[in-house]
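Visitor: requesting a structural model of the entry that follows:
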Amino acid sequence: MAEEERLAALLRDLNELTSYLHGRGRSTYQLAQRFLEHARSEQDQKTRAYDENQAKMLDYQHYIWHEIAGLVEKLIQRYSDEETTPGAEPDGLPPLEEEDA
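Guide: A predicted model of the protein is given here:
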């Protein structure tokens, strides 16, 4: 398989991975919202505390899934640009880490 074909296949796989990660983030967020709704309607203090903690944990996971997807999207963009720029060297690119907002 030619190098260009391998890179194109990898980029397709990374796009699929991004979709999967965003989907996991959405489903985790929805589950967190269900725990929050249940916590609001719950009279028992222990059960309410449990539901609130679950919602917090799931909301954090939601954030992490989307963060990972964002990093994969950066890789896709980086190597998609490189594919269209002949002779581009990955070593000359800035690091992938996001700057603090």
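Visitor: from memory Leu7 sits against Ser80, does it?
Guide: No - taking C-beta atoms under 8 Å as the definition, Leu7 is not a contact partner of Ser80, at 9.1 Å. Backbone N, C-alpha and C define where each C-beta goes, glycine included.
Visitor: right, and Val72 touches Thr18 too?
Guide: Yes - under the criterion of C-beta under 8 Å, Val72 is in contact with Thr18, at a separation of 4.9 Å.
Visitor: and the next helix or strand past the host helix or strand of Arg12?
Guide: Applying DSSP states H and E as the criterion places Arg12 in helix 3-41. Counting by DSSP H and E, the next helix or strand C-terminal to helix 3-41 is helix 45-84.
Visitor: and the angle for that following helix with helix 3-41?
Guide: 160 degrees (axes from the mean of the first three to the mean of the last three C-alpha atoms, to 10 degrees).
Visitor: helix 45-84 - contacts with which helices or strands?
Guide: helix 3-41 (3 or more C-beta pairs under 8 Å, 6 or more residues apart in numbering; DSSP states H and E).
Visitor: could you give me the buried positions within the helix it packs on?
Guide: 11, 14, 17-18, 21-22, 24-25, 28-29, 31-32, 35-36, 38-39 (16 or more other C-beta atoms under 10 Å).
Visitor: what is that helix packed up against?
Guide: helix 45-84.
Visitor: what's the mean pLDDT across stretch 56-63?
Guide: The pLDDT scores in stretch 56-63 average 97.
Visitor: run through who's touching it.
Guide: Gly25, Arg26, Thr28, Tyr29, Leu31, Ala32, Phe35 (C-beta atoms under 8 Å, 6 or more residues apart in numbering).
Visitor: can you pull the residues that touch both of Val72 and Thr18?
Guide: With C-beta under 8 Å, 6+ apart as the test, Val72 and Thr18 reach no residue in common.
Visitor: pLDDT weak spots in the protein?
Guide: Counting by pLDDT under 70, the chain has low-confidence residues at 82-101.
Visitor: now do 80
Guide: Low-confidence segments of the chain, defined by pLDDT under 80, span residues 1, 81-101.
Visitor: Arg6 and Gln61, how far apart?
Guide: As judged by C-beta to C-beta, to the nearest Å, Arg6 and Gln61 stand 33 Å apart.
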